[in-house]
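Participant: sequence plus predicted model, see below.
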Amino acid sequence: MLPYPSGEPHIGHLKNYAIGDAIAHFHRRTGRCVLHPMGYDAFGLPAENHAIKTGQHPRNSTESAIASFRRQFHEWGISIDWDREFGTHEPRYYRWTQWIFLRLFERGLAYRKDAAVNWCPKDATVLANEQVLADGTCERCGTLVEVRQLEQWFFRITDYADRLLDDLATIEWPQKVVTQQEHWIGRSEGAEVVFRCEELGIDYPVFTTRPDTLFGATFFVLAPEHPDVLKLNDSEEVRHYIARAARETAAERGAEGKEKTGVPLGRTVTNPVNGEQIPMYVADYVLMEYGTGAIMAVPAHDERDHEFAERFGLEIRRVIEDEDGELPYAGDGPMVNSGRFDGMHNREAFRAIVEWLESDGKGRPAINYRLRDWLLSRQRYWGCPIPIVHCDRCGTVPVPDEDLPVELPEVADYAPKGRSPLAAAEDWVATECPRCGEPGRRETDTMDTFVDSSWYFLRYCDAANDEAAWDRAVVDGWMPVDQYIGGIEHAILHLMYARFFTKALADMGLIGFQEPFARLFTQGMVTRDGEKMSKSKGNTVSPSDYVERYGADAARAYILFVGHPADDADWSDQGITGVANFLSRLYRAAAASSDPAAEPTDPAEPTVLLRKAHWAIDKVTRDLGERFATHTAIAAVMELVNEIHRSPDDPHVRFAVATAASLVFPFAPHLGSEVYELMTGRRVWEEPWPQADPALLAADTFQLVVQVNGKLRDRIEVPTGTSREDQERIARQSPKVEAHLDGKELAKTVVVPGKLVNFVVR
Ligand SMILES: [Zn+2]
Ligand SMILES: [Zn+2]
């Protein structure tokens, strides 16, 4: 995932790109052609808010952040194809963002409508549903989000709900991300049932997942935002109630245990299954965003309807039997109080009732989704302009492709005022209608930054193309992304939007694949002393401090060693020191064995060290290639380096050092390549990934028992077939044994091959 360039890179960036670089190096050396690009998600609120605070143009602060990111990526030695680098705020990029917008507009997938939208009062802009957190606050600034009625631009992502759901089965993503997307799309099967208000002659369709409980519907509730509420009852009390509900967030209104409130509307609707007139209410526990903004209330079988009925003294009529007689009851059972359906199991009655309603024209089977269309317009300055001209005569007119990009104008004041700051650029706003030539006005809202990042991976494939957003053959050659790496916080935002764009572009024949990211890896967070790092807590770890003190290799290798990269990891200064020491030990081993004359001329017998080297090759290959287990891969190289230090005179020591360098290269590329060249005179990145010799792996290990004067002092895992001499040497070097030999005279050494070494001392 491309970074959002703000300030300096933080430790999460180091982790993300260290993982990606290890994977890229590994696959390059296993013979694959690897595209490992970098770009910057450069538009958006943080840069703009920073600009407002400091008076600096957002372009300047963004570009200085980009320069800092670029410099540090170079320092870290991340192997990026810099020829493909771009920022999404550059006209050469957003020209094509606008071009894609127009393609979506042509197909009715981008449209404008008046809607109740989420409004962040602090950022003074609308937000997509995905940008409002579960507690009803703004994803960016934490302010409580309000609802406002405004005309806005939307992408018709709901057209793709089923495909976005079904195709999750075709990609290898972490289950937790798949589950979040499934829940966000929120497909539920049920029925649409029509309740009629005879007095006013209005039909109210409602969506219900429980048509089997229709006979238990004893009242009917509209959301306060429902456009008909005042038509039904224009009293002061109702107006007051609507105004109060508008000040509350959806999360507050829906909160469990919140006392139910509402106002009777003095009207009734007909329950279509039994012809009963049931009273209508307006109540804030019903939300406009879900279903149709109206519900049939079944207090015997729904918790919230039950609370409301108790509060307002409404009839609670059981229609599904259960043994314990509890109410409300949400389980299954035989039907009661349901006319001809009595005695039928409720699951059966579900279908039977829907069929019956359908034949009467009062309902039909229906599927409902939680997913709503993506609200993409923002009343902010620092974003991609929407390429539309408003003309009094022609309406909403797209800017012709040849006039793209519509460049972001310079304005003196980009502070948000509830309307887009672009509106102040009067010369820019005033333009000619591309269709009739009469005076027109440019659209002044900008696009949500998530639009910029919904297609950037396509541009990487053909980044220098000036004629088109991409060449389909080139993009089809690379895509989909084989391995995508990033944080889980994007589960329903970027990762949903990018899938939608990909499907829409595939439908237009512009690309030949349905999913952008075949495999996804979500990295864990880096914490400090168990706490989330944040500037306000003052517990952040700046990568540049550590790179300066320990070197980029130690910082990179440490962040990959501290635990499985999918898990959260706690940063420790002691830990990075340990990794830095390990790298120094590897370098010292190389310096000590750099004399080529030490190379055995004849193939030497396999030794413990040689077997250890092959074991490490096998282990790192599996850990890195199969399970992203960078921590155990690095630990394996550490073991090999320990073995090298135990056997400085081994005939295979140069091979072992070169192998350790080759294996550590994906994690610590500077030192890895240096040591490898010292040992072999060759460049490690041009070398194929080492292959373990199965013959040297086949040897099992055994536990070598080490005694001093017949007393057990250590047990050491050594390969089967270790020679008598090697057994003795390994035993002698055990720190636990050394302590007992120190300063004593060795009288005799007993070696039992494959079993034991006993030192007899005086
Ligand atoms: Zn906000
Ligand atoms: Zn016109």
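Facilitator: Arrived safely, thanks for sending. Numbers count the residues shown, from 1 in each chain. Ligands and ions are numbered 1, 2, ... in the order given.

Participant: when you work out contacts or count neighbours from here on, use the C-alpha atoms and nothing else.
Facilitator: OK.

Participant: and Thr208, bridged to which residues?
Facilitator: Beta bridges link Thr208 to Ala191 when assigned by DSSP bridges.

Participant: wait, it sits on Gly190?
Facilitator: Yes - using CA atoms under 8 Å, Thr208 makes contact with Gly190 at a distance of 5.6 Å.

Participant: so the two - more neighbours on which side?
Facilitator: Thr208 (23 against 19; other CA atoms under 10 Å).

Participant: distance check, the more buried one against ligand 1.
Facilitator: Spatial separation of Thr208 from ligand 1 under the definition CA to the ion, to the nearest Å is 34 Å.

Participant: try Leu560
Facilitator: Leu560 sits 34 Å away from ligand 1, going by CA to the ion.

Participant: same thing with Gln733?
Facilitator: 62 Å.

Participant: just the element for Leu102, please.
Facilitator: helix 91-106 (DSSP states H and E).

Participant: so for that helix, what's the average pLDDT?
Facilitator: Helix 91-106 shows a mean pLDDT of 98.

Participant: quickly note the distance from the residue lying closest to Ile242 once chain neighbours are set aside to Val132.
Facilitator: Among residues not flanking Ile242 along the chain, Pro224 sits closest, at 5.2 Å (CA to CA, 6 or more residues apart in numbering). Applying CA to CA, to the nearest Å, the value for Pro224 to Val132 is 20 Å.

Participant: ok, those two, which is more surrounded?
Facilitator: Pro224 (29 against 22).

Participant: show me what contacts the more buried one?
Facilitator: Tyr241, Ile242, Ala245, Ala246, Val282, Ala283, Asp284, Val286, Leu287, Met288 (CA atoms under 8 Å, 6 or more residues apart in numbering).

Participant: who in the protein is up against ligand 1?
Facilitator: Cys120, Asp123, Cys138, Cys141 (CA under 5 Å from the ion).

Participant: same thing but 8 Å
Facilitator: Within the chain, the residues that sit near ligand 1 (CA under 8 Å from the ion) are 120-125, 137-145.

Participant: run through who's touching stretch 56-76.
Facilitator: With CA under 8 Å, 6+ apart, stretch 56-76 has contacts from 5-9, 40, 42, 47-48, 50-51, 382, 544, 547, 552-553, 556.

Participant: what do you get if the cut-off is 7 Å, keeping everything else the same?
Facilitator: Contacts with stretch 56-76, where a contact means CA atoms under 7 Å, 6 or more residues apart in numbering, come from Pro5, Ser6, Gly7, Glu8, Pro9, Ala42, Ala47, Glu48, Ala51, Trp382, Ala552.

Participant: then it to CSV, C-alphas only?
Facilitator: Taking Å, rounded to 0.1, in the frame of the first residue of the first chain, the C-alpha atoms of stretch 56-76 are listed here in CSV:
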residue,chain,number,x,y,z
GLN,A,56,1.9,26.8,4.1
HIS,A,57,0.4,25.7,0.8
PRO,A,58,-0.6,22.0,1.1
ARG,A,59,1.4,21.3,-2.0
ASN,A,60,4.6,22.5,-0.2
SER,A,61,4.0,20.5,2.9
THR,A,62,3.0,17.4,0.9
GLU,A,63,6.0,17.7,-1.3
SER,A,64,8.4,18.2,1.6
ALA,A,65,6.9,15.1,3.2
ILE,A,66,7.3,13.2,0.0
ALA,A,67,11.0,14.2,-0.2
SER,A,68,11.5,13.0,3.4
PHE,A,69,9.8,9.7,2.7
ARG,A,70,11.8,9.2,-0.5
ARG,A,71,15.1,10.0,1.2
GLN,A,72,14.4,7.6,4.0
PHE,A,73,13.2,4.8,1.7
HIS,A,74,16.6,5.2,0.0
GLU,A,75,18.4,5.2,3.3
TRP,A,76,16.6,2.0,4.3
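
Participant: quick one: low-confidence ranges for the stretch 601-750 of the chain?
Facilitator: 601-603, 699 (pLDDT under 70).

Participant: can you get me a residue count around the residue of it found nearest ligand 1?
Facilitator: Residue of the stretch 601-750 of the chain nearest ligand 1, by CA to the ion: Phe628 (36.0 Å). Using other CA under 10 Å as the criterion, Phe628 is surrounded by 20 other residues.

Participant: ok, now Glu106?
Facilitator: 12.

Participant: how far away is it from Pro400?
Facilitator: Glu106 is 12 Å from Pro400, by CA to CA.

Participant: kindly report the same for Ser662.
Facilitator: On the measure of CA to CA, Ser662 and Pro400 end up 54 Å apart.

Participant: who has more neighbours out of these two?
Facilitator: When Ser662 and Pro400 are compared for neighbours, Ser662 comes out ahead with 28 against 14, by other CA under 10 Å.

Participant: tell me the SS of Val221?
Facilitator: Assigned by DSSP: H, G, I helix; E, B strand; the rest coil, the conformation of Val221 is strand.

Participant: likewise Ala161?
Facilitator: helix.

Participant: which non-adjacent residue is nearest it?
Facilitator: Ile185 (6.4 Å).

Participant: count the neighbours of that neighbour for me.
Facilitator: Residues lying near Ile185 (other CA under 10 Å) number 22.

Participant: on that earlier part again, tell me which two of the contacts of stretch 56-76 sit farthest apart.
Facilitator: Trp382 and Ala552 (33.6 Å; CA to CA).

Participant: how about the residues of the stretch 401-550 of the chain near ligand 2?
Facilitator: Residues of the stretch 401-550 of the chain that fall close to ligand 2, judged by CA under 8 Å from the ion: Glu432, Cys433, Pro434, Arg435, Cys436, Gly437, Glu438, Pro439, Gly440.

Participant: thinking again about what came up before, and the residue nearest to Ile242, what helix or strand is that in?
Facilitator: Applying DSSP H and E as the criterion places Pro224 outside every helix and strand.

Participant: next: Asp553.
Facilitator: Per DSSP H and E: helix 552-561 holds Asp553.

Participant: what's the answer for Gly440, then?
Facilitator: Here Gly440 is assigned to strand 439-442, by DSSP H and E.

Participant: show me the contact partners of that strand.
Facilitator: Ile388, Val389, His390, Cys391, Val429, Ala430, Thr431, Glu432, Cys433.

Participant: and it, which residues are buried?
Facilitator: Gly440, Arg441, Arg442 (16 or more other CA atoms under 10 Å).

Participant: same question, stretch 578-591
Facilitator: Val579, Ala580, Phe582, Leu583, Arg585, Leu586, Tyr587, Ala589, Ala590.
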